[in-house]
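Enquirer: the sequence and its predicted three-dimensional model are supplied below.
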Amino acid sequence: MSGRAGARLGEADDGRQGPPPRPRPRASASATEAQAVHAGAVAAAVGFAVALSAFAGRRPQLSGDQGVGDLAALVAGVAALSAFGFAYRRSYADPDRRWLAERPLWRRVLGLVAMSFAHASIAFMVAWASFQIFQGVFRGVALDAFAGALLVAVAAALAAYGGFQSGSRMDSYALSNLLAALLAAGVLTSMVTTSRSDWWEVNFSVLGAADHGVAWTFNGTLVTAGAVIALLAEYMTRDLRALDLYRARSGGGTAPTRERPIIVCVALTGIFLAGSGLVPVDVLMPVHNSLATAMTAAYIALVLGARAWLPGLGWTFYAVGYAMLGAAVLSVLLWWPLGYYNMTGMELVVAGVILVWLVFLTRNVAAAVEDGRAAGSRPD
């Protein structure tokens with residue numbers, strides 16, 4: 001076993017050097033399922049009581065004018081945030097997640113806050129959009145207080161159930177899916193709520209301008225997604241170390257990964273994305289654009305360096321990476337100098353490529369770890 005892999009044996013198994021602490025019993029899947037149902041029931045009861053009080057003496061519409069959808073979105077967001085945070089913090093007791101509790105305090109707090117708010121944002125936006133759709137289908141419908149409270153309770157229960165399940169089972173796969181869902185929900189909501197119908201004729205970032213609708217939705221999505229990507233770097237660090245360990249044990253001859261440049265590029269992508277949300281385009285356009293360009297540069301470096309930094313993932317992985325990079329370059333050329341479409345089209349393509357590539361990278365590394373674990377558990 002190589003010195004590097006041997007040094008990482010303790011890190012991959014228990015997150016630090018030295019003798020591992022006595023492992024606690026692993027939470028059973030059935031117990032987690034039951035606890036998620038309990039969380040949903042509590043959220044439903046609280047949501048029903050809150051809504052019944054809020055709708056007393058009124059006949060609220062499904063959406064708009066302080067209707068059912070507005071309250072359901074708020075309650076669902078709070079329910080998802082609370083359930084996820086509680087379940088995620090409890091998951092530290094799982095032997096496979098002890099490393100989460102051994103991180104520095106500020107990183108634990110940042111990760112917990114970022115992912116909790118990501119779940120709250122998704123629950124809020126999904127509930128709000130759903131009731132908007134229902135209002136369009138059932139035109140003119142108004143409910144009494146009891147019926148409205150029931151719908152709010154259902155939204156709260158679903159949000160709490162999903163948040164608890166996610167917090168109990170968070171890993172690289174789930175985190176990459178969370179990132180994709182957050183960005184998709186946030187961007188689509190920003191497009192719907194902007195007061196400028198011709199925003200797409202200007203550029204993508206105008207969705208975050210304060211004088212064009214609910215700018216906090218777009219900017220908050222970028223900041224939260226950036227923090228999630230930075231947290232993704234921590235999960236990927238864990239996966240890369242485990243991957244090297246399994247490869248060293250199997251003696252397959254694959255070169256070890258170069259962890260540092262991979263993690264730096266992923267973390268910088270998240271930092272620059274969050275920065276572009278903290279500095280909206282209508283506040284300091286040069287800084288905003290520079291941060292977005294730097295994020296793209298970090299992505300390009302990651303794709304070009306993947307074969308040397310992350311060997312042994314198969315030709316399909318590298319070919320897809322180069323193809324996606326080519327698509328991003330082509331989209332820029334179609335904007336300038338060819339002028340086929342405007343800047344918004346180019347930005348949508350490039351942003352989509354970067355997001356999909358990060359999810360693709362994370363899932364391939366996690367899959368390689370699973371394969372290594374399975375190979376190590378099979379008898380010779």
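Expert: Yep, it's here. Bear in mind that the values here come from a model prediction, so they are computed numbers and not experimental data.
Enquirer: can you name the residues that contact S331?
Expert: Neighbour list for S331: 345-346, 349-350, 353 [criterion: C-beta atoms under 8 Å, 6 or more residues apart in numbering]. Where C-beta positions appear, they are placed from N, C-alpha and C, glycine not excepted.
Enquirer: mind redoing it with 6 Å?
Expert: By C-beta atoms under 6 Å, 6 or more residues apart in numbering, the residues touching S331 are 346, 349-350.
Enquirer: any idea which element the residue sitting nearest the centre point of the chain lies in?
Expert: Taking C-alpha atoms, centre = their mean, the centroid of the chain lies closest to L179, which sits 2.1 Å from it. When elements are assigned from DSSP states H and E, L179 belongs to helix 172-193.
Enquirer: next SSE after that helix?
Expert: Immediately after helix 172-193, counting by DSSP H and E, sits helix 215-250.
Enquirer: and the angle for that following helix with helix 172-193?
Expert: Counting by axes from the mean of the first three to the mean of the last three C-alpha atoms, to 10 degrees, helix 215-250 lies at 160 degrees to helix 172-193.
Enquirer: in helix 215-250, what's buried?
Expert: 215, 217-248 (16 or more other C-beta atoms under 10 Å).
Enquirer: show me what counts as buried in the following helix or strand past that helix.
Expert: Sequence order places helix 259-278 as the next helix or strand after helix 215-250, per DSSP H and E. For helix 259-278, burial by neighbour count (16+ other C-beta under 10 Å) applies to 259, 261-263, 265-277.
Enquirer: list the helices and strands helix 259-278 packs on?
Expert: helix 215-250, helix 285-309 (3 or more C-beta pairs under 6 Å, 6 or more residues apart in numbering; DSSP states H and E).
Enquirer: so for V332, which of those helices sits nearest?
Expert: Nearest to V332, of all the helices and strands packed on helix 259-278, is helix 285-309, at 9.3 Å by C-beta to C-beta.
Enquirer: what does that closest one contact?
Expert: Here helix 285-309 makes contact (C-beta under 6 Å, 6+ apart) with 258, 261-262, 265, 268-269, 272-273, 275-276, 279, 281, 318, 321, 325, 354.
Enquirer: could you do stretch 130-144 as well?
Expert: With C-beta under 6 Å, 6+ apart, stretch 130-144 has contacts from 59, 61-63, 69.
Enquirer: can you tell me which of the residues you listed is nearest V113?
Expert: Using C-beta to C-beta, the contacts of stretch 130-144 come closest to V113 at G69, 26.3 Å.
Enquirer: distance of the closest one from L143?
Expert: 11 Å (C-beta to C-beta, to the nearest Å).
Enquirer: try L232
Expert: 41 Å.
Enquirer: can you map out the helices along the stretch 51-200 of the chain?
Expert: Remark: helices assigned in the stretch 51-200 of the chain by DSSP state H, counting those that start in this stretch are 68-90, 98-101, 105-137, 145-168, 172-193.
Enquirer: now the helix or strand encompassing D371 and helix 259-278, what's the angle there?
Expert: Element membership for D371 (DSSP H and E) is helix 343-377. Taking the same axes, to 10 degrees, one finds that helix 343-377 is oriented at 150 degrees with respect to helix 259-278.
Enquirer: list the contacts of the residue nearest to the centre of the chain.
Expert: L179 neighbours (C-beta under 6 Å, 6+ apart): V228.
Enquirer: now the helices of the stretch 51-200 of the chain in CSV, with distance to G305?
Expert: CSV is the format used below for the helices of the stretch 51-200 of the chain (distance: least, C-beta to C-beta, whole Å):
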stretch, distance to G305
helix 68-90, 32
helix 98-101, 26
helix 105-137, 25
helix 145-168, 31
helix 172-193, 20
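Enquirer: now the host helix or strand of V50: buried residues?
Expert: Using DSSP H and E, V50 sits in helix 29-54. Neighbour counts over helix 29-54 (16+ other C-beta under 10 Å) mark 32, 35-36, 39-40, 42-44, 46-48, 50-52, 54 as buried.
Enquirer: what about the stretch 201-350 of the chain, any weak spots by pLDDT?
Expert: 213 (pLDDT under 70).
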